[in-house]
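S.K.: For reference, the sequence and a predicted model appear below.
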Amino acid sequence: MKRAWKADWALMIGPHTRQYVLALLWTGTIAFLMTALNPLATRLIFDVAVAQKRLDWLVGIAAASLIVFSLLRWWDFQCGQYQQRLTNRLSADLTQRMVAGYFRLPPASVAKHSDGYFVARTMSEVENTVTPAVSAGVQLLRAVMILVTAVVTVLILSWQLTSVLLIITPALLLLARHFAARLHQDANDVQENTAAQQEVHSAAIGSYRTVRMFGFEGLALQQLMRSVDRRLDAVYTLGYRSGKYGTLSRITLSIAELLVLMLGGYAVMTTSLTLGSLMAYMTAYWMAVSAVQTLIDLLPDVQILRSNIWRLADMLDQADEVQPPLPIPAPGQAITWQNAAFGQGEVPTLTGVNLDVPSGSRVLIRGANGAGKSTLALTALSLLPLRQGSVSRVKDVSGLVEPVVFPALPLKDLTTQFDGHDVQAMAEPLGLLPLMNARYDELSLGQRKKFALMMTLLKPAELYVFDEPLANLDDATQVQALEMIMEHTQGKTVLAIMHDSANVLSKFDIVAEVVAGSLEVEIRPEGSRRMGPVDAVMAPLMA
Ligand SMILES: Nc1ncnc2c1ncn2[C@@H]1O[C@H](COP(=O)(O)OP(=O)(O)OP(=O)(O)O)[C@@H](O)[C@H]1O
């Protein structure tokens, strides 16, 4: 992917362009004044005060310089504070856009990684991009201003000496060109490996209880250290390449420095170059050289910065990709899978799935652990893309698939989108009313289950999907919850995954059995007709 500078600017600075330009102008002005005044003061001291042996002038010029430079330094400090405030604003703004982008990502992208990876992408990568975006921009402008002012100054003082500095420029540019693309790729590798480590890191830290109970320290650490090594290798490569580029560039610059020193000495010996002019020349010259060194050091930083910006942009682009609308099933059908294959791991869990679920029917999905029931439910909710075939379904769907995690907010905040009376009517029989002020992450497993059930039922839909809706509920609540499901989904289509289903069988019209890679379907309550695997099509059977 190649991106224009303009697009990078729009992503990083966009809404804050005015403030950013102000920070640049502020810095640029200070850099210009410091660079222009420094050789001037040196020349005044030597060519005026020293040459005429006037101590009072010497002290006066030195004192005036001190006051001017102190004021400039104080102004520079204020500029730094302004930049910090700007950085904070950019950081908050970009974090918001990235997390909002994460929530818009297609399920296919999210399914590839777990939470830790996306925490890195939306938090650490934002931090690693915003701070350099402000500081690199400011440093770049400062260095350019110093370089331009210093080069003009030395040109005025002696164009012959300055031409040496300019001759060396093409060599420096060639080096920069040679290293730029590699540094960009190295920076990308560092970020990707950092996100991968964060993924493993969160899983290891999150397994605290099992590590303590079963002594998994060794195993957890081994896995973690593999990802740490990969990240550190990438960091080393980036550092190695940046260092190599810096060293080669500095050697080139040293050659220029040596030539200027020799030629400067020669000019004093053979021409009318004054001591004051030479001192002023050297002051401006060293400023130019240190500006070039800053620019040399900035090249890797700019490559890292652009690589980071491109990663952020890539994620936002994925988030904004227009998803094709889900096809609508044939009339009378709520959801249809056609020759579908899907899975959450490397290999598809179910293949050749053909299933028509008639509108208004209640389907019980059974099967052994790991058979693919939850995976099937994920495809019904459009949370997992198919590898092959198609799925079409009615538009309005409600449902949750384990593991269910709501944001760590008070329950009352999570339910504000629904009518208050409906919430109260549903929360009361489930015993959730006293918990409405509690945060979701403070609930017990059973309470979380009840809340998930309530939320699923509160959302108006044509198709409802439940993954083990009665698990973790006490006996009395199980009866109540099943009643509520049946009552609130009257006339709607229901897909329910349940293991311990003997007692609830009578409530369902159809039983879909997920067996080793395929699907069998049975019609209830007669239970006499059992379809063969894979090509089970319910619609004709129901007719
Ligand atoms: N996040 C994941 N990443 C990779 N593979 C996964 C993931 N989740 C599940 N799988 C795999 O997909 C297969 C089906 O899992 P699924 O959760 O759909 O089974 P299930 O029938 O719902 O099982 P259970 O009754 O135990 O909940 C399993 O073999 C499992 O290893």
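M.R.: On my side now, so go ahead. Numbering: from 1, shown residues only.

S.K.: Would you enumerate the residues in contact with Gln19?
M.R.: 86, 89 (Cβ atoms under 8 Å, 6 or more residues apart in numbering). The C-beta positions use only the backbone N, C-alpha and C, and glycine is treated the same way.

S.K.: mind redoing it with 7 Å?
M.R.: By Cβ atoms under 7 Å, 6 or more residues apart in numbering, Gln19 lies in contact with Leu86.

S.K.: ok, Ala133 touching Met12?
M.R.: Yes: the pair Ala133 / Met12 is scored as a contact, 4.8 Å apart, by Cβ atoms under 7 Å.

S.K.: which residues are common contacts for these two?
M.R.: Joint contacts of Ala133 and Met12 (Cβ under 7 Å, 6+ apart) are Leu90.

S.K.: neighbouring contacts of whichever strand or helix holds Val211?
M.R.: Here Val211 sits within helix 208-214, counting by DSSP states H and E. Applying Cβ under 7 Å, 6+ apart, the contact partners of helix 208-214 are 216-217, 220.

S.K.: Just the buried positions in it, please.
M.R.: Val211 (16 or more other Cβ atoms under 10 Å).

S.K.: Which positions in this protein make contact with the ligand?
M.R.: Neighbours of the ligand within the chain, by Cβ under 6 Å from any ligand atom: 343-345, 349, 367, 369-375.

S.K.: With distance to Pro358 and neighbour count as extra columns, can I get those residues in TSV?
M.R.: Below are the residues of the chain next to the ligand laid out as TSV (distance: Cβ to Cβ, whole Å; neighbours: other Cβ atoms under 10 Å):
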residue	distance to Pro358	neighbour count
Gly343	26	18
Gln344	28	14
Gly345	31	8
Thr349	25	20
Gly367	21	20
Asn369	28	6
Gly370	28	11
Ala371	23	20
Gly372	22	26
Lys373	20	26
Ser374	23	20
Thr375	22	20
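
S.K.: Farthest pair within these?
M.R.: Put simply, by Cβ to Cβ the two of those set farthest apart are Gly345 and Gly367, 16.8 Å from each other.

S.K.: circling back to that earlier point, please check the contacts of helix 208-214 and keep the buried ones.
M.R.: 216, 220.

S.K.: and of the contacts of helix 208-214, the nearest to the ligand?
M.R.: Relative to the ligand, the closest of the contacts of helix 208-214 is Ala220; by Cβ to the nearest ligand atom it sits at 18.5 Å.

S.K.: what's the nearest residue to that closest one if we skip its chain neighbours?
M.R.: Of all residues not flanking Ala220 in the chain, Ala204 sits nearest, at 4.6 Å (Cβ to Cβ, 6 or more residues apart in numbering).

S.K.: got the residue ranges for the strands in the stretch 101-250 of the chain?
M.R.: Counting by DSSP state E, counting those that start in this stretch, the stretch 101-250 of the chain has no strands at all.

S.K.: Same question for the chain.
M.R.: Using DSSP state E, the strands of the chain run over residues 333-342, 350-358, 362-367, 388-393, 397-400, 463-467, 493-497, 510-515, 518-523.

S.K.: Dump these into TSV; add mean pLDDT as well.
M.R.: What follows is the strands of the chain, written out as TSV (pLDDT from 0 to 100):
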stretch	mean pLDDT
strand 333-342	92
strand 350-358	89
strand 362-367	90
strand 388-393	93
strand 397-400	93
strand 463-467	95
strand 493-497	94
strand 510-515	85
strand 518-523	65
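
S.K.: Redo the ones you listed as CSV? Include distance to Leu275.
M.R.: Output for the strands of the chain, formatted as CSV (distance: least, Cβ to Cβ, whole Å):
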stretch, distance to Leu275
strand 333-342, 83
strand 350-358, 88
strand 362-367, 93
strand 388-393, 84
strand 397-400, 83
strand 463-467, 86
strand 493-497, 90
strand 510-515, 92
strand 518-523, 94
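
S.K.: Of these, which is nearest Val200?
M.R.: strand 333-342 (25.9 Å).

S.K.: Show me what that closest one is packed against.
M.R.: Contact analysis of strand 333-342 by 3 or more Cβ pairs under 7 Å, 6 or more residues apart in numbering; DSSP states H and E lists strand 350-358, helix 373-380, strand 388-393 as its packing neighbours.

S.K.: Go again with 8 Å.
M.R.: strand 350-358, helix 373-380, strand 388-393, strand 493-497 (3 or more Cβ pairs under 8 Å, 6 or more residues apart in numbering; DSSP states H and E).

S.K.: would CSV of those with distance to Val289 be doable?
M.R.: Listed next are the helices and strands packed on strand 333-342 as CSV, based on distance: least, Cβ to Cβ, whole Å:
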stretch, distance to Val289
strand 350-358, 67
helix 373-380, 61
strand 388-393, 63
strand 493-497, 71
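
S.K.: coming back round to it: can you give me how far the helix holding Val211 is from the chain middle?
M.R.: Taking Cα atoms, centre = their mean, to the nearest Å, one finds the center of helix 208-214 at 30 Å from the center of the full chain.

S.K.: now stretch 68-87
M.R.: 31 Å.

S.K.: Name the surrounding residues that touch it.
M.R.: Applying Cβ under 8 Å, 6+ apart, the contact partners of stretch 68-87 are 16, 19-20, 22-23, 26-27, 30, 33-34, 37, 130-131, 134-135, 138.

S.K.: one more time with 10 Å, if that's ok
M.R.: Counting by Cβ atoms under 10 Å, 6 or more residues apart in numbering, stretch 68-87 makes contact with 13, 16, 19-20, 22-27, 29-31, 33-34, 37-38, 41, 127, 130-135, 137-138, 142, all of which sit outside it.

S.K.: For the stretch 151-300 of the chain, which segments count as helices?
M.R.: All helices of the stretch 151-300 of the chain, identified by DSSP state H, counting those that start in this stretch, fall at 159-167, 169-206, 208-214, 217-270, 275-320.

S.K.: just those: most buried one?
M.R.: helix 275-320 (a mean of 20; mean count of other Cβ atoms under 10 Å).

S.K.: Quick one: distance of it to the chain centre.
M.R.: 25 Å.

S.K.: That helix packs against which elements?
M.R.: Here helix 275-320 is seen to pack against helix 5-12, helix 17-43, helix 55-104, helix 107-111, helix 125-157, helix 159-167, helix 169-206, helix 217-270 when contacts are counted using 3 or more Cβ pairs under 10 Å, 6 or more residues apart in numbering; DSSP states H and E.

S.K.: Same list (the ones you listed) but as a markdown table, adding mean pLDDT and distance to Met498.
M.R.: Output for those, formatted as a markdown table (pLDDT from 0 to 100; distance: least, Cβ to Cβ, whole Å):
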| stretch | mean pLDDT | distance to Met498 |
| --- | --- | --- |
| helix 5-12 | 90 | 47 |
| helix 17-43 | 91 | 57 |
| helix 55-104 | 93 | 30 |
| helix 107-111 | 86 | 24 |
| helix 125-157 | 91 | 41 |
| helix 159-167 | 74 | 79 |
| helix 169-206 | 90 | 28 |
| helix 217-270 | 89 | 34 |
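
S.K.: circling back: what's the most buried one of the helices and strands packed on strand 333-342?
M.R.: strand 493-497 (a mean of 25).

S.K.: For that one, name the packing helices and strands.
M.R.: strand 333-342, strand 350-358, strand 362-367, helix 373-380, strand 397-400, strand 463-467, helix 475-488, strand 510-515.

S.K.: and the last one with strand 493-497, angle?
M.R.: Using axes from the mean of the first three to the mean of the last three Cα atoms, to 10 degrees, the inter-axis angle of strand 510-515 relative to strand 493-497 is 40 degrees.

S.K.: Run the angle between strand 510-515 and helix 373-380 for me.
M.R.: Computed by the same axes, to 10 degrees, the angle separating strand 510-515 from helix 373-380 equals 120 degrees.
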